[in-house]
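Enquirer: give me coordinates for this.
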Amino acid sequence: MNMSKRFAIAGGKALLPSGFQADAVITVERGVIVDIGSEANGAPVLDAKGLWVLPGIIDLHGDAFERQIMPRPGVHFDLQLALAETDRQLVSNGISTAYHGVTFSWEPGLRSRDTLVALMAALDAAAGYLSCDTRLHLRHETFNLEGEAEVLEWLAEGRVDLLAFNDHTPDILRKLGEPTGNATLLQRTGLTAPALQALAERVKSRRDVVPASIRRLAAAARKAGVPMASHDDPSPTVRADFQALGCGISEFPKTTDTAALARQLGNPVVLGAPNVVRGGSHCNAVSAAEMVRDGLCTVLTSDYYYPALPHAAFQLSQQGVCDLATAWALVSSNPADAVGLADRGRLAVGLRGDMLLVQALAGRPPRVVSHFIGGEQVFAAKGAPRW
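Expert: Have a look, this model is predicted:
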């Protein structure tokens, strides 16, 4: 049976824009939701009894794919193999649309220009083979002045789906003095500690010309209609400065005051789902669950761990932080709105048939048992409903 033509999902508890509705019949034809009612009208029906029927997850910031590329220090695998394995992880965890957060740094190694260019080419070549709608979130290190010209070209050519402004230079210099952080950086770059220290110091010395580069890149992104995020905003002042450049997403703000200003400005505030699942940040940053509770976080992303997204939404609900509809919006409709994806993120007539069937049993983590992307069934777990 060609599921992209016409089928219906019935019997589950579906999250519609108006809230959860038991026994809604959702009909999909040629990849698009064409009807939500009480009858299948002759379409083949998949019985979702006992399951949650939810919009597919939209992940705006995920870099766990780096572990498929380099699972151990200095051990690299073919990019097509890495992308294929990443795709399997994405769809099995309910992620229908993924923005791969690829860092374009002044560092050599995993986050270098060579890796980025190779990965962009691999994404182009793999486009017809990947199940997940995979896009490029270009994480540009603002001190990477040598990379500015290419980023300007890529923006003009439509090769960038989301542009983030990062500045990890101070963190790198700080971590070089810490045994654990030092080891991670040296493994990632392939440099010795003295060589990386010298390189970071040279990069830092150019800080006076960085603001002008940021302005040029922001202007190019605005012209190209590419959404922009500022990463690790350290203060309300920095968030306001980026807002003035048309950079309207605050990604991983470091303080509650910064997140509060972002929300006052109407900015989406992005935090990591692993922060929720683990009960706090791995780097002593703000608590994502507390920020959700206080209305200061509107989007959750996988960050470095894809399975965290569906788990975080159910965990927020189970812990009474918010109801499940609000929690699921953090991983579906809110990220869609943040980057202007008007064709997905909700179960509504006229939108893409990106849908999950999720089983949530007491004492067990929620489990994606079936996943449809554009009306095609791309994943079915053991025990999934059958046609």
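
Enquirer: if I look at the residue of the chain most remote from its centre, how far off is residue 8?
Expert: Ranked by distance from the centre of the chain (Cα atoms, centre = their mean), the top residue is residue 42, with 37.0 Å. When Cβ to Cβ, to the nearest Å is applied, the distance between residue 42 and residue 8 equals 9 Å. To be clear about C-beta, it is placed using only N, CA and C from the backbone, and glycine gets the same treatment.

Enquirer: same thing with residue 205?
Expert: Taking Cβ to Cβ as the measure, residue 205 falls 63 Å from residue 8.

Enquirer: tell me which helix or strand comes right after the host helix or strand of residue 27.
Expert: Assigned by DSSP states H and E, residue 27 belongs to strand 25-29. Proceeding N to C from strand 25-29, the next assigned helix or strand is strand 32-37, under DSSP H and E.

Enquirer: can you map out the helices along the stretch 201-350 of the chain?
Expert: 210-224, 236-244, 256-264, 273-278, 288-293, 308-318, 324-329, 333-338 (DSSP state H, counting those that start in this stretch).

Enquirer: show me the contact partners of the fifth one.
Expert: For helix 288-293, contacts defined as Cβ atoms under 8 Å, 6 or more residues apart in numbering pick out 256, 259, 269, 271-273, 275-276, 279, 281, 297, 300, 312, 316, 319, 321-322, 327, 330.

Enquirer: mind listing what's buried along the helix or strand bottoming out on mean pLDDT in the chain?
Expert: The helix or strand of the chain with the poorest confidence is helix 179-189; it has a mean of 78 (mean pLDDT, DSSP states H and E). Within helix 179-189, the residues that qualify as buried are 182, 185-186, 188-189, counting by 16 or more other Cβ atoms under 10 Å.

Enquirer: ditto for stretch 236-245
Expert: Going by neighbour count (16+ other Cβ under 10 Å), the buried part of stretch 236-245 is 236, 238-239, 242-243, 245.

Enquirer: likewise for stretch 338-353?
Expert: Residues of stretch 338-353 classed as buried by neighbour count (16+ other Cβ under 10 Å): 338-339, 341, 344-348, 351-353.

Enquirer: looking at the residues you listed, which are in strands?
Expert: Using DSSP state E, no member of the buried residues of stretch 338-353 falls in strands.

Enquirer: give the rounded mean pLDDT of the strand or helix carrying residue 195.
Expert: Secondary structure assignment for residue 195, by DSSP H and E: helix 193-204. Here the mean pLDDT over helix 193-204 is 89, rounded to a whole number.

Enquirer: try stretch 52-70
Expert: Mean per-residue pLDDT for stretch 52-70: 95.

Enquirer: how far does that stretch sit from the chain's center?
Expert: With Cα atoms, centre = their mean, to the nearest Å as the basis, the distance from the averaged C-alpha position of stretch 52-70 to the chain average is 6 Å.

Enquirer: swap in stretch 162-178?
Expert: Its chain's C-alpha centre lies 20 Å from the corresponding centre of stretch 162-178 when counted by Cα atoms, centre = their mean.

Enquirer: gap between the two ends of it?
Expert: End-to-end distance of stretch 162-178: 32 Å, with Cα to Cα, to the nearest Å as the criterion.

Enquirer: and for stretch 130-149?
Expert: The stretch stretch 130-149 measures 30 Å between its terminal residues, going by Cα to Cα.
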